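Asker: Mind folding the following:
(chains A and B)
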Amino acid sequence: MTKYATNTFAMWAILCISGVLGALLVYRMADRVAPWTFVVDVPQTPVRGDLKLQSEVITPANEPDFVHGASIIETPAGLLAFWYRAVYEGANNAELMSSRFDGQHWSPTTVVTNSKTVARDVGLTVKSLANPVPFRQSPNEIWLFFAASRLSGWATCEIMMMRSLDNGRTWGPAQRLYMSPFLNMSHLTKALPVRLSGDRIALPAYHEMVTKFPVMFILNKDGRIIDRLRMGHGGKVGLQPSIIPTGPKTAIAFVRRLKHVRTHRILISHTNDAGRTWTVPKPTSFPNPGGPISAIRYDGTRILFAFNDDPEEERNIKLAFSNLDGTNLRRIGTIAQMKNDDLDDAVAYPFLLESEAGQFDVVFSRPRKVIGHVRISSAWLEHNSEMSAAQK
Amino acid sequence: MMSVIDYCLDRSSSVLLLFVAGAALGLIVRCRPATRIILGLAAIAVAACVHISIRSGFEWIVSAIERPSAPGLLLLIIFAFTTVTGRSFDRSAEYRFGTGALVVAGLILYPGATGILNYDTYVLGYSGYLLPLALAALLAYAIYRRYLFVLAALDIGIAGFLLSAGRSLNLWDYVIDPVAWFLAIGAWIAILVLFLFRKATARSPVPA
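Answerer: From the prediction side, this is the model:
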């Protein structure tokens, strides 16, 4: 073939390939993400258990490092707690830790992974790790989401995920979730994912760099992001949404306020189209010092949530009931309190779970060396709720 | 564990950016092309050897800037070629079209996707007709004008997306990246400056 013929052939080949790819692209993108609905799990929550709180410290007494961001999941071998540990918050070489609860005692702590291992898994250097959040994908499979800061500060975080196929005994390598076109930076997680139809899940997260707003990511059954929905507006809105489905297409999200805003109150956002659109988070009557709210569905008509009942400091952790649209909030009682004589103390970052029908567990951190656990019965909740209503 | 291809792709932007920086220095001080190549390679070596905190300067850059999209990789290669040879592409209509398209795409994508605007333009890359039709229009224009480099870059990006070859399942991530956007903005600033400079030079009276 002559040079002219070769060039002409190459040009026509590129033109044809471009035409075919363009057509395939338009065809493939049409309704690529099928509509979803929330899977609404309404627990029965029988009134059971005793009226005393059971509390323990999970971390060893001589814990030398900063510990924070605790979470829990129920496994056949008991509760499994996760948190992160570093020399200080955001320090190099952070570790994700875990411990198991047999109903009476917490096991010695074990390292799930650390910054160096994550860096090796993903092929990029990672500075610090934070906020592990477990999710039960199947009877034996747990997905553990966590934030990993690539450079410095939480604003440079991205969310990663590890899988365990044996209920948390061993873990696979970390994998990156691709969430942002801008260097994949500045998303963190804190609250439990929500199940969706079609084996998909919704992961509540938030954007941190410059603008601060809650986001809901949709993951397919392989753990890859297939959509993202902003909860309310962009700009400076709020952090760490906790999403509770109240119907196949309705849900409520409790949102942590930003530190600098004047309204020191818990924010609430709603959706009526399975999370496609969310209302701008609006303040409730309950205070919020700028700490996360952990919420779960309690029964057919109520949501149970753990929060810091103070507008300025994380002085206590209280439980409260909300109706399904968040218009009627009622305090139940205090489950953890900061020490009066210690100005550096706080009880922060509650994470709430119904581990069995009528049995609830909350883990939290006392910055900077302690992860605490409180077990609460539905009997305690109902008793204190009635007392609270009677006092009103 | 990650593949060798992922490992190399994650480092390709950093390698090319450092090379361009080193070679550009050689271009400014009027070194020969061979010296510029040596300076480009030296910039990579220096970044790999200098440690800041727990990691090398090179690893900091790798962690910061992510892997390139297909058009981004092509633009970085063009910049590397330009800095080594000293050849300017600002009079090439294809170069102006390609970099201009990147500038516009970045302006549409990034302010919305990072929450500065209320409308999240990133979601257009997950499903729907708008972004694919816009890309199809770009492809059609590039076919009409026979812009083969633009076509090749877009084709590779679209093929990567259709095969779900990258970590992302969002079309945007295959056709633009922030480094490419910043480089394209830089390229257009250079195009405008050179245009104004030539215009001013053409108007100035010729000495007798």
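Asker: Any figure for the gap between A:Ala10 and chain B?
Answerer: 8 Å (CB to the nearest CB, to the nearest Å). Placement of C-beta: from N, CA and C, glycine included.
Asker: Run a quick neighbour tally on that residue.
Answerer: Neighbour count for A:Ala10, taken as other CB atoms under 10 Å in any protein chain shown: 11.
Asker: Just the closest residue of chain B to chain A, please.
Answerer: Residue nearest to chain A within chain B: B:Gly115 (3.4 Å; CB to the nearest CB).
Asker: so that residue sits right up against A:Met231, yeah?
Answerer: No. B:Gly115 is not in contact with A:Met231 according to CB atoms under 8 Å; the separation is 11.2 Å.
Asker: Overlap of the contact sets of those two?
Answerer: The contact sets of B:Gly115 and A:Met231 overlap at A:Phe213 (CB atoms under 8 Å, 6 or more residues apart in numbering or on different chains).
Asker: Could you look up the SS state of the residue of chain B closest to chain A?
Answerer: The three-state label given to B:Gly115 by DSSP: H, G, I helix; E, B strand; the rest coil is coil.
Asker: before we move on, the earlier item: ok, B:Gly115 and A:Met231, which is more surrounded?
Answerer: A:Met231 (27 against 24).
Asker: check contacts around A:Val112.
Answerer: Under the criterion of CB under 8 Å, 6+ apart, the contact list for A:Val112 reads A:82, A:95-98, A:132, A:144, A:162, A:171.
Asker: List the strands paired with the host helix or strand of A:Glu354, with their directions.
Answerer: Per DSSP states H and E, A:Glu354 falls inside strand A:348-356. Applying DSSP bridges, strand A:348-356 is found paired with strand A:359-366 (antiparallel).
Asker: Quick check on the most centrally placed residue in chain B: phi, psi?
Answerer: Nearest to the geometric centre of chain B sits B:Ala180, at 2.9 Å (CA atoms, centre = their mean). B:Ala180 adopts backbone torsions of phi -60, psi -40, taken as degrees, to the nearest 10.
Asker: And it, how far from B:Leu17?
Answerer: When CB to CB, to the nearest Å is the yardstick, B:Ala180 and B:Leu17 sit 11 Å from each other.
Asker: which neighbours do those two share?
Answerer: Counting by CB under 8 Å, 6+ apart, the residues touching both B:Ala180 and B:Leu17 are B:Leu76.
Asker: which non-adjacent residue is nearest the most centrally placed residue in chain A?
Answerer: Centroid check for chain A by CA atoms, centre = their mean gives A:Ala191 as the closest residue, at 1.9 Å. Once flanking residues are discounted, A:Ala191 sits nearest to A:Ser242: 4.1 Å by CB to CB, 6 or more residues apart in numbering or on different chains.
Asker: Identify the residues contacting the helix or strand hosting B:Gly22?
Answerer: Assessed by DSSP H and E, B:Gly22 sits inside helix B:4-28. Helix B:4-28 has contacts (CB under 8 Å, 6+ apart) with A:123-124, B:35-44, B:47, B:58, B:61-62, B:65-68, B:72-73, B:76-77, B:79-80, B:83-84, B:86, B:167, B:177, B:179.
Asker: And that helix, how far out from the chain middle?
Answerer: Mean-position distance between helix B:4-28 and its chain equals 11 Å (CA atoms, centre = their mean, to the nearest Å).
Asker: Which helix or strand lies directly C-terminal to it?
Answerer: Note on helix B:4-28: by DSSP H and E, the next helix or strand toward the C-terminus is helix B:33-49.
Asker: helices or strands up against that following helix?
Answerer: Helix B:33-49 is packed against helix B:4-28, strand B:55-56, helix B:57-65, helix B:70-85, with contacts defined by 3 or more CB pairs under 8 Å, 6 or more residues apart in numbering or on different chains; DSSP states H and E.
Asker: what angle sits between the last one and helix B:4-28?
Answerer: In this case it means helix B:70-85. Relative orientation of helix B:70-85 versus helix B:4-28 (axes from the mean of the first three to the mean of the last three CA atoms, to 10 degrees): 40 degrees.
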